[in-house]
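> Below is the structure, and that's it, no one-letter string:
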C-alpha cells in the first residue's frame, strides 16, 4: 500500500492527503446524491450568462447554494 492509501474502514491519523479528501467527497456524494444533484444544477445555472443577467435569480441561486453548504456542514458537525 502506498503512503496515504487506506483500506476500507482504516483510519489515517496523519494529515489528510488529496486522495483522502477526494475519497471522502465521493463517499458523501454517493450518500447524498440529491444534494449533489442540486449543487450541480445551481453550478450549471451560475455559469449561464443569461441566468446571471437576472440579478434576482443570481441572488437566489447564491442563497440556495449557501443554504445547501450550511446544511452539509451541519450534517457533518462542522458548524
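Good, I have the coordinates. These numbers come from a predicted model, not from an experiment.

> Can you list the low-confidence ranges for the protein?
1-13 (pLDDT under 70).

> Show me which helix runs longest in it.
helix 55-75 (DSSP state H).

> Which other helices and strands does that one contact?
Packing partners of helix 55-75 (3 or more CB pairs under 8 Å, 6 or more residues apart in numbering; DSSP states H and E): helix 33-46, helix 49-53. Any C-beta I mention is one placed from the backbone N, CA and C, and that applies to glycine too.

> Buried residues in that helix, which are they?
Under the neighbour-count criterion of 16 or more other CB atoms under 10 Å, helix 55-75 has 61, 65, 68, 72 buried.

> picking that back up, any idea which of the helices and strands packed on helix 55-75 is most buried?
Ranked by mean neighbour count, the helices and strands packed on helix 55-75 are led by helix 33-46 with a mean of 13 (mean count of other CB atoms under 10 Å).

> Now find how far off-centre that one is within its chain.
Distance, stretch centre to chain centre, for helix 33-46: 9 Å (CA atoms, centre = their mean, to the nearest Å).

> For it, name the packing helices and strands.
helix 55-75.

> Distance of residue 69 relative to residue 42?
Going from residue 69 to residue 42 by CB to CB, to the nearest Å gives 10 Å.

> With distance to residue 28 added, can I get the buried residues of helix 55-75 in a markdown table?
Formatted as a markdown table, the buried residues of helix 55-75 follow (distance: CB to CB, whole Å):
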| residue | distance to residue 28 |
| --- | --- |
| 61 | 22 |
| 65 | 16 |
| 68 | 12 |
| 72 | 8 |
